[in-house]
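1. sharing a model that was predicted from the sequence below.
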Amino acid sequence: MQDVRVRWEVVLIKKCTCIFVWDEFETQTTIERDLFLKESFPADFQWATSSESFKVEGGWAEGGKGETIWDRFGHKGLAFANQTADLACDSFHKVDYDVYLLRGLNVNTYQFSISWARIFPSGHRNSQSEQGALYYDKLINALIESGVQPVVTLYHWDLPQALQDYGGWTNTSIVEAFKDYADFCFSRFGDRVKTWNTFSSPWVVSHAGYGTGEHPPGVKDYVVASYQVTHNIIKSHTEAWHVYNDKHRTKQGGKVGIALNSDWAEPRNVSRPEDMAAADRYLQFMLGWFAHPIFVDGDYPATLKTQVEEKRKECPHSEPARLPAFTPEEKKRILGAADFFGLNHYTSRLVNSSDGGCTPGPQGVGDFQAHVDPSWSSTASDWIYSAPWGLRRLLKYISTEYLKGTKVPIYITGNGMPTEHSGDPFNDTSRILYMESYMNEALKAMHLDGVNVQRFTVQSLMDGFEGPQGYSQQFGLHHVDFDLPDRPRTPKQSAYFYSQIIEKNGFASKKQMFNSPEGQNVRSNRFSPMVLPDGTTKQINEAGLNYYHRLVDALLAANIQPHVKLKFFLTASQKMLAVEKCIQLLDLYCCFVAFRSLFITGTFHKRCKILRAGRMKRLLTNFGIMLTSSLAVLATK
């Protein structure tokens, strides 16, 4: 079945919404999926923005701070245009400036990460830097004085280089080192910080740091190192959670969780079971790799373990993956070690089944391939494409897959897109559209699907050092001029937009839902008009037509927006004629017309498809003429 999408919208006729259903195979249309929900978020919803230590702090060797793997990466000239994070946004010296920006945004929550090497330059407690701790004390105190809740991430990729020299995350000794570091942070800052992320996007560490080698430390070993890194990160997270639970929770009353990153995986062809299974494997190799042990049963997903084992049998001479195993005691300790589910989400993929052979890496071991739809809006990143509906589907998936047994909330801990460094950095309309649509999908997941989302975090407060891309990509709500030594910040249009969303706490009042062209937010009722008894335009049932006229008027009088569903089980040509006739009959009763996806089965040959497309074009032209005439009539009344 081929999906040919025709997206065409007309605003301003008069009364109702017509959605044309072409056949019985469709379960959800693009139009229904993308409807905008005019509702408010809960009164206690947390609106946040974020930053990451190595991207904004600068002061790379000040206050006794130790070298990190990102410092080493930049100094080797491996980032874009040989750029480094040595000065970055100079946030190390601009705490008051950054908090001032936060007050202007109206956010009630700020998520930032601590640089492990700024606290413990060697990675161990015996090297503690008091000046580094005082910097975070100052930031946390300034946030609280401004009414902004601090949310702290213990690890966002910037490992002390001293620990990397001993193998970094591949060395099992790092588990105890991270536990000690976390314990110090809880003790020092936990009286004021009530929400902690142990890790942010740990999949990126395993995948890009130790698998593909794109990120520091630049290890390219997806057979052993990448899986060992995940193993040690999960155990490190678990020990940090337990030390908080055992030593600090009673007195401090905070929460500790982990912020996992994941795309949404949509089957490339929903009618192929093998693509459905491949999409699930994609999610298990990305999200399930970390989430399943913590939230389901203390162990890796069965699908992941099965795939690895099958590849070992298929490839006796070139082992593509070696998955470590948790002991029974470790499984018990890992399961349930989270007070919330943190989610970093930016994009989606279309996934199909493929034979990965003996190639290491997720796609090879997982037997899938990932693609993007050419209709999705692109960004400055070759990785992030805008597909906002994927967020809602992912939130539903998480709620069903991981949170059945443990009713912890979901915090969206990261969502955003980059723009190019060149051009006008202030009129970032593409970011506004991205933010609005993704926030609305989170809102729909909450109101329509019952998902417990309690926070939305926009990445990020300001432009920063984006790793391999240096300063060439900009995620910030505020522009930073990196050509000037004092690094001035200027709000972009997206900052004003976000501030307004926060001020309104969403998109509408509690009693409002879907947007109508006249600005009237109404509820929805669907019905199917039966005005063509034999399914053709040869005969019109006047009594049935009058019935629907009265029904539409009654619904409108009750402040309910009708959605008219026209369903035809006819040939392509008959469908077009029927649609034309229904438009003529319902003309002024339509205030918005949206043509659903056209599903063309294999029974239509190429010539018929061309004729069908031409017929649609003529239909739209004729309807445009009719619309103009209708508006002219309305204008005279």
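-> Everything's here; your move.
2. if you skip the residues just before and after it, what's nearest to residue 457?
-> Sequence neighbours aside, residue 48 is the residue nearest to residue 457 in space, at 4.0 Å (criterion: Cβ to Cβ, 6 or more residues apart in numbering). To be clear about C-beta, it is placed using only N, CA and C from the backbone, and glycine gets the same treatment.
3. tell me the phi and psi of the one you found?
-> phi -140, psi 160 (degrees, to the nearest 10).
4. how many other residues sit next to it?
-> Residue 48 has 26 neighbours, counted by other Cβ atoms under 10 Å.
5. residues touching it, list them.
-> When contacts are counted by Cβ atoms under 8 Å, 6 or more residues apart in numbering, residue 48 touches 107-111, 151, 455-458.
6. is it possible to get CSV of those that adds pLDDT and secondary structure?
-> Listed next are these as CSV, based on pLDDT from 0 to 100; DSSP: H, G, I helix; E, B strand; the rest coil:
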residue, pLDDT, secondary structure
107, 98, coil
108, 98, coil
109, 98, strand
110, 98, strand
111, 99, strand
151, 98, strand
455, 98, strand
456, 99, strand
457, 98, strand
458, 98, strand
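7. between those residues, which is nearest residue 131?
-> Using Cβ to Cβ, residue 110 is the member of the contacts of residue 48 that sits closest to residue 131, with 21.9 Å.
8. now do the same for the spatially closest residue to that closest one that is not a sequence neighbour: its pLDDT.
-> Closest residue in space to residue 110, ignoring its immediate chain neighbours: residue 148 at 5.1 Å, by Cβ to Cβ, 6+ apart. Confidence at residue 148, expressed as pLDDT, is 98.
9. count the neighbours of residue 148 for me.
-> Neighbour count for residue 148, taken as other Cβ under 10 Å: 21.
10. my guess is it contacts residue 106. True?
-> No. Under the criterion of Cβ atoms under 8 Å, residue 148 is not in contact with residue 106, lying 9.8 Å apart.
11. quick check: the gap between the closest residue in space to residue 173 that isn't next to it in sequence and residue 72.
-> Once flanking residues are discounted, residue 173 sits nearest to residue 166: 7.2 Å by Cβ to Cβ, 6+ apart. Distance, residue 166 to residue 72, using Cβ to Cβ, to the nearest Å: 14 Å.
12. give me the more crowded residue out of these two.
-> residue 72 (15 against 12).
13. ok, that one - contacts?
-> Residue 72 neighbours (Cβ under 8 Å, 6+ apart): 161, 164, 216-217.
14. residue 440 against residue 36, yeah?
-> Yes. Taking Cβ under 8 Å as the definition, residue 440 is a contact partner of residue 36 at 5.9 Å.
15. need the overlap of contacts for those two.
-> Contacts common to residue 440 and residue 36, judged by Cβ under 8 Å, 6+ apart, are residue 507.
16. which residues in the stretch 51-200 of the chain form helices?
-> Applying DSSP state H, counting those that start in this stretch to the stretch 51-200 of the chain gives helices spanning 53-56, 69-75, 95-105, 116-119, 130-145, 161-164, 174-189.
17. give the buried residues for the third one.
-> For helix 95-105, burial by neighbour count (16 or more other Cβ atoms under 10 Å) applies to 95, 97-99, 101-102, 105.
18. what comes into contact with that helix?
-> Taking Cβ under 8 Å, 6+ apart as the rule, helix 95-105 contacts 49, 51, 91, 110, 135, 138-139, 142-143, 146, 148, 461-462, 477-478, 489, 491, 495, 498-499, 502.
19. number of nearby residues for residue 407?
-> Taking other Cβ under 10 Å as the neighbour definition, residue 407 ends up with a count of 8.
20. my read: it touches residue 452, true?
-> Yes. Counting by Cβ under 8 Å, residue 452 is a contact partner of residue 407 at 7.4 Å.
21. look at residue 49 and tell me its secondary structure.
-> Look at residue 49: counting by DSSP: H, G, I helix; E, B strand; the rest coil, its state is strand.
22. on that earlier part again, counting neighbours, go ahead and name the busier of residue 440 and residue 36.
-> Taking other Cβ under 10 Å, residue 440 and residue 36 do not tie; residue 440 has more neighbours (23 against 17).
23. which ones are touching residue 423?
-> Neighbours of residue 423 in contact, by Cβ under 8 Å, 6+ apart: none.
24. buried stuff in stretch 482-493?
-> For stretch 482-493, by 16+ other Cβ under 10 Å, it's 482, 487, 489, 491-493.
25. quick check: next helix or strand after the strand or helix carrying residue 278?
-> Residue 278 is part of helix 273-283 when elements are defined by DSSP states H and E. Once helix 273-283 ends, the next helix or strand along the chain (criterion: DSSP H and E) is helix 289-292.
26. tell me who's in contact with residue 264.
-> Residue 264 neighbours (Cβ under 8 Å, 6+ apart): 345, 348-349, 387, 390-391, 393-394, 397.
27. in a markdown table, list those residues along with distance to residue 202 and neighbour count.
-> Compiled in a markdown table, those are given as follows (distance: Cβ to Cβ, whole Å; neighbours: other Cβ atoms under 10 Å):
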| residue | distance to residue 202 | neighbour count |
| --- | --- | --- |
| 345 | 15 | 25 |
| 348 | 20 | 25 |
| 349 | 19 | 22 |
| 387 | 23 | 24 |
| 390 | 21 | 24 |
| 391 | 20 | 26 |
| 393 | 22 | 18 |
| 394 | 17 | 25 |
| 397 | 19 | 18 |
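28. so which of the residues you listed are in helices?
-> Counted as lying in helices by DSSP state H, out of these, are 390-391, 393-394, 397.
29. which among these gets closest to residue 414?
-> residue 391 (11.6 Å).
30. the residue lying closest to that closest one once chain neighbours are set aside - how many residues pack around it?
-> In this structure, residue 391 finds its nearest non-sequential neighbour in residue 441, 4.4 Å apart by Cβ to Cβ, 6+ apart. Neighbour count for residue 441, taken as other Cβ under 10 Å: 25.
31. who touches residue 441 in this structure?
-> Contacts for residue 441 were tallied using Cβ under 8 Å, 6+ apart; they are 388-392, 395.
32. tell me if it really is in a strand.
-> No. Counting by three-state DSSP, one finds residue 441 to be helix, located in no strand.
33. for it, report the pLDDT, please.
-> Per-residue pLDDT puts residue 441 at 98.
34. repeat that for the one 10 residues further on.
-> At residue 451 the predicted local distance difference test score is 98.
35. flag the shaky bits of the stretch 501-637 of the chain, pLDDT-wise.
-> Low-confidence segments of the stretch 501-637 of the chain (pLDDT under 70): 509-637.
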